[in-house]
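Q: Sequence plus the predicted model coming up.
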Number of protein chains: 2
Amino acid sequence: MIKAWVEEVIERLGREKISDHETEKYRHSRDESYHPPVDPEIVVFPESKSDVLIVIEIAKKFGVAVTPYGVGSGLEGQAIPILGGISVNFERMNRIVEFNPEDLTVTVQPGMTRMELNKAINNHGLYFPIDPGADASIGGMVATNASGTTAVRYGSMRDQVLSLEVVLANGKVMKTGTKAKKSSSGYHLNGMFVGSEGTLGLITEVTLKLHGIPEHVVAARCTFNTPKECAEAAQIVLRSGISVMRMELVDAISIQQVNQYGGYSYPEKHSLFFEFAGTKAAVEEESGVTEELMHDLGCENWERANGSKERADLWRARHEMAYAFRHMSGMAISGGDVCVPISTLADLVVYGRELIDESGLIGGVFGHVGDGNFHTLIVFNPNEPNEVKAADYINEKLAYKAIEVGGTCTGEHGVGLGKRKFQEAEHGEALVIMKKLKEMLDPHNLLNPGKIFL
Amino acid sequence: MIKAWVEEVIERLGREKISDHETEKYRHSRDESYHPPVDPEIVVFPESKSDVLIVIEIAKKFGVAVTPYGVGSGLEGQAIPILGGISVNFERMNRIVEFNPEDLTVTVQPGMTRMELNKAINNHGLYFPIDPGADASIGGMVATNASGTTAVRYGSMRDQVLSLEVVLANGKVMKTGTKAKKSSSGYHLNGMFVGSEGTLGLITEVTLKLHGIPEHVVAARCTFNTPKECAEAAQIVLRSGISVMRMELVDAISIQQVNQYGGYSYPEKHSLFFEFAGTKAAVEEESGVTEELMHDLGCENWERANGSKERADLWRARHEMAYAFRHMSGMAISGGDVCVPISTLADLVVYGRELIDESGLIGGVFGHVGDGNFHTLIVFNPNEPNEVKAADYINEKLAYKAIEVGGTCTGEHGVGLGKRKFQEAEHGEALVIMKKLKEMLDPHNLLNPGKIFL
């Protein structure tokens, strides 16, 4: 028998915007994390803000949970509808609403992916630089405050969002900002909704800053004997004021995985990957100074590439790494995402490496060392309780250590399900205020319930 | 007879931390704006977080208004204690709490001024770049989300604050962030408290990002025949991706004022001021390309200066402008602070110029055109109702026009008293949420009552 609220959704939105097929429920039950899947009762594909408003109205009337879904590339279970209810898939809301190349801004619907956006605007000499790896939806990237390899230059999504249109749990529609580059007018709701993981409202439009495509790009890579030397070298680059576009650490074990997975022969040593981008003179100066610095610090295997194919070859080990680890069949992956003050980075990277080595599990350490943000990827057998326990132990120790040195348990993946247990330790009294905010904006706990807060 | 709450403040904090002298009450009754002064009943000079907690405790017990005070350089009346009560002057909380040069961060008390901070850290090769003109307190700059001439490169305070320690109206102390450069952990309270103008809590510590002092700086100036040509030239610089450190428009009437006030002989034409800063190669490239661009656009009077004295001479007309206008005795000053999408900037600047010209009042148009933020300064006789009305009319028309084109009524001065009337038009439904936030965090309306909201 069909439930009354499902009937009402079908009646109000029409059959073609709803699915309860097993394959769709399966697709919307999970993301790319190790968190256990949970099926939604139905999936809704809104095509407009009005459709989203109808979903919220019915959810409120019947007390049904609403969980937004982008492309499912999240890493902390944010899109998993843990109470069932409605999964709201934004893939049909994937258009550019307004493109203002002369303002360097664009307004898009949340279901557009970052690659779709870039494809649409690149011929104007502009691009949207935030690059979390996956071809995530813009809405999902806003919801988790995503960042990635270019954060060392462009910050995270929060730094690039000018305004959001949000449908609130009370059925009202709100704009969180303007199209001006800065404002001192009223409370900054914009920053609060970025990173709120669908728990405070559903995003229906996103206004983003855009940037000129750099005219000249150079990639480089070198290796060191220890992760500590890599991390320290990255610190020195930052402190000397060199404006890198990307700067990534990949440890030796991660390089081994990539070589095995892809049949490559990259030097299996702890590696630093660089990208420099800007005007030709600036890029030549920055890459030259960096090369000198790295050699002074005793690097090996310095390689540099100019053309786009050569750059892709050089960086392949970094790009394919996550997939290399994921390709061991039957195994699960969990990982840390800490971000720490730069001065503590080398010690934390070593600490993470040691935790993995002591556990006996296979795992890599790598990350966006320009921000103090790095990841661990730990491969474990989900059917072996000891391995599950060992992987959890590594993640917990690393997260608490990051908080202890003044950092955060999640630099870019978000809280979702996996980082809820660290919120109290990280935020203390601020967590009380965050919970009050949630209660204020979503008193019936309809919007992505069970995320962020335990 | 001394009031019971004043007695309790004296008893708990000690006589030396309190003043009710007329001179102190006068000093704390006003800021640099035209808003009418109001005396506080007493001024408190806390020396620690504990002192601030005591103030809040007593304010809550007796229902007394609490208005924070930095150095009084605000431009929208934020520091005016319009309900009397307690003015909290943070000048004794002016120390560096923790300086981490290797992390490029510093934690300071709110009463330290930006120049005091720079004096303390410049010998480490580091600086704090946000420059609103006045030597404002860091706490005040956080409270209003200040920015200024360097915002085109560094954004506003919100972009530079990593974390705040805040004493809340409920007597709890909260930290809003961490020392990591980015985070996706929980709601971004940090951005919400920056720009909240003392209405949500009292700031007792501020953790800021720092930056390397650029090794090479070049200043330049040129003139155009119309404000529109100036604004369009600024747009073209931005769109060609040149990373200016500062880019300011000063219109001809403002230059005249400076010449009269200071006895200078700057060309009395609409002027664009530039500063380029970074490595020598980058600065030479940027200033060279800009010079070519400006000449292509038909600029006149291009001048360029390298040494610090020569740069100061070149920029003096910009730096002294606000004072030049302020020096007409018996006259008051009011001004706009709109920030608009770059594509609308030239039209808005022209619109502002026309409004002033039509009014018959003396007034200048100038601003941080790299951000789309510009100001009007209108000189009027506060005892002539017609002039007051004319000045108000200009400000209102300009603010509503800015909102209409997708901008904001205040780019950097904040709402305070003067921009409250535009909040409904600018924020709509979001204003309802802002008011709820205020009620949630300050249910008895003790913290800077009467600001932001009408």
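A: Ah, there it is. Numbering: from 1, shown residues only, chains lettered A, B, ... in the order given.

Q: right, and residue A:84 touches residue A:67 too?
A: No. Using C-beta atoms under 8 Å, residue A:84 makes no contact with residue A:67, being 9.1 Å away. Just so you know, the C-beta spots here come from the backbone N, C-alpha and C atoms, and that holds for glycine as well.

Q: Around chain B, pick out the residues from the stretch 301-450 of chain A.
A: A:337, A:339-343, A:371-373, A:402-403, A:406-415, A:419, A:422-423, A:426-434, A:436-438, A:440-441 (C-beta under 8 Å from any C-beta of the partner chain).

Q: Can you select the buried ones from the residues you listed in ChimeraX?
A: Restricted to buried positions by 16 or more other C-beta atoms under 10 Å in any protein chain shown, the ChimeraX selection for these reads:
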select /A:337,339,340,341,342,343,371,372,373,402,403,406,407,408,409,410,411,412,413,414,415,419,422,423,426,427,430,431,433,434,437,438,441
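
Q: now, which of the residues of the stretch 301-450 of chain A next to chain B lie within helices?
A: A:342-343, A:402-403, A:423, A:426-427, A:429-434, A:436-438, A:440-441 (DSSP state H).

Q: who has more neighbours, residue A:84 and residue A:67?
A: Comparing residue A:84 with residue A:67 by neighbour count (other C-beta atoms under 10 Å in any protein chain shown), the higher total belongs to residue A:67, at 30 against 16.

Q: So what's the residue count around the residue of chain A at minimum distance from chain B?
A: Of all residues in chain A, residue A:191 sits closest to chain B, at 3.0 Å by C-beta to the nearest C-beta. Neighbour count for residue A:191, taken as other C-beta under 10 Å: 24.

Q: just residue A:153 next, same as before
A: Other residues within reach of residue A:153 by the criterion other C-beta under 10 Å amount to 18.

Q: Need the phi and psi values for the residue nearest to it when sequence neighbours are not counted.
A: Nearest residue to residue A:153, sequence neighbours excluded (C-beta to C-beta, 6 or more residues apart in numbering or on different chains): residue A:245, at 5.4 Å. For residue A:245, the backbone dihedrals (degrees, to the nearest 10) come out as phi -90, psi -40.

Q: List, one by one, the residues from the stretch 1-150 of chain A near chain B.
A: A:100, A:102, A:103, A:104, A:105, A:144, A:145, A:146, A:147.

Q: Does the third one touch residue B:345 like I think?
A: No. Because the distance of 9.4 Å does not satisfy C-beta under 8 Å, residue A:103 is recorded as not touching residue B:345.

Q: neighbour-wise, which of those two wins?
A: Using other C-beta under 10 Å, the more surrounded residue of residue A:103 and residue B:345 is residue B:345, with 30 against 26.

Q: Can I take it that the more buried one is in a strand?
A: No. The assignment for residue B:345 (DSSP: H, G, I helix; E, B strand; the rest coil) gives helix, which keeps it out of a strand.

Q: got the contact list for it?
A: B:231, B:234, B:235, B:369, B:372, B:374 (C-beta atoms under 8 Å, 6 or more residues apart in numbering or on different chains).

Q: go on, residue A:224?
A: So residue A:224 contacts A:230, A:233, A:269, A:270, A:271, A:272, A:297, A:298, A:299, A:300 (C-beta under 8 Å, 6+ apart).

Q: contacts for the one helix or strand in chain A whose mean pLDDT sits lowest?
A: Every helix and strand of chain A was ranked by mean pLDDT, DSSP states H and E. The lowest is helix A:321-326, at a mean of 81. With contact meaning C-beta under 8 Å, 6+ apart, helix A:321-326 is reached by A:133, A:250, A:254, A:257-258, A:260-262, A:333, A:364, A:366, A:377, A:379.

Q: Would you point out the most distant pair within the residues you listed?
A: A:133 and A:260 (20.1 Å; C-beta to C-beta).

Q: between the two, which one's more packed in?
A: Taking other C-beta under 10 Å, residue A:133 and residue A:260 do not tie; residue A:133 has more neighbours (15 against 12).

Q: Over to that one. Which of the three states is it?
A: Secondary structure, three-state DSSP: residue A:133 is coil.

Q: ok, it touching residue A:148?
A: Yes. Counting by C-beta under 8 Å, residue A:133 does reach residue A:148; the two are 5.9 Å apart.

Q: what sits against the closest residue to residue A:28 other than its chain neighbours?
A: Of all residues not flanking residue A:28 in the chain, residue A:87 sits nearest, at 4.0 Å (C-beta to C-beta, 6+ apart). Neighbour list for residue A:87: A:28, A:40, A:42, A:43, A:44, A:67, A:68, A:69, A:79, A:81 [criterion: C-beta under 8 Å, 6+ apart].

Q: Apart from its chain neighbours, what residue comes closest to the third one?
A: It refers to residue A:42. Nearest one to residue A:42, counting by C-beta to C-beta, 6+ apart, is residue A:20 at 4.8 Å.

Q: distance of the one you found from residue A:89?
A: Noted for residue A:20: a distance of 13 Å to residue A:89, by C-beta to C-beta, to the nearest Å.

Q: And for residue A:290?
A: 43 Å.

Q: follow-up on the earlier one: what touches both of residue A:20 and residue A:89?
A: Going by C-beta under 8 Å, 6+ apart, residues that sit against residue A:20 and also against residue A:89 are residue A:43.

Q: Out of the two, name the residue with the larger neighbour count.
A: residue A:89 (26 against 14).

Q: Kindly state the beta-bridge partners for that one.
A: residue A:69 (DSSP bridges).

Q: show me what contacts the spatially most central residue of chain A?
A: What sits nearest the mean C-alpha location of chain A, by C-alpha atoms, centre = their mean, is residue A:146, with 3.5 Å. By C-beta under 8 Å, 6+ apart, residue A:146 lies in contact with A:130, A:132, A:136, A:140, A:156, A:157, A:412, B:184.

Q: Save the residues you listed as JSON lines, and put in secondary structure and pLDDT too.
A: As requested, these are exported to JSON lines (DSSP: H, G, I helix; E, B strand; the rest coil; pLDDT from 0 to 100):
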{"residue": "A:130", "secondary structure": "coil", "pLDDT": "97"}
{"residue": "A:132", "secondary structure": "coil", "pLDDT": "95"}
{"residue": "A:136", "secondary structure": "coil", "pLDDT": "98"}
{"residue": "A:140", "secondary structure": "helix", "pLDDT": "98"}
{"residue": "A:156", "secondary structure": "coil", "pLDDT": "97"}
{"residue": "A:157", "secondary structure": "helix", "pLDDT": "98"}
{"residue": "A:412", "secondary structure": "coil", "pLDDT": "97"}
{"residue": "B:184", "secondary structure": "coil", "pLDDT": "98"}
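
Q: Redo those as TSV? Include distance to residue B:49.
A: Below are those laid out as TSV (distance: C-beta to C-beta, whole Å):
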residue	distance to residue B:49
A:130	37
A:132	38
A:136	41
A:140	39
A:156	30
A:157	33
A:412	32
B:184	29
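
Q: just to revisit the earlier point, how close does the residue of chain A closest to chain B sit to residue B:192?
A: 7 Å.

Q: Over to residue A:238?
A: 28 Å.

Q: Which residue ranges of the stretch 1-150 of chain A form helices?
A: A:4-13, A:22-27, A:49-62, A:114-121, A:138-144 (DSSP state H, counting those that start in this stretch).

Q: Tell me which of those helices sits most buried.
A: helix A:138-144 (a mean of 30; mean count of other C-beta atoms under 10 Å in any protein chain shown).

Q: Who are the packing partners of the helix or strand just after it?
A: Going down the chain from helix A:138-144, the next helix or strand is helix A:151-154, by DSSP states H and E. When contacts are defined as 3 or more C-beta pairs under 8 Å, 6 or more residues apart in numbering or on different chains; DSSP states H and E, helix A:151-154 packs onto strand A:246-250.
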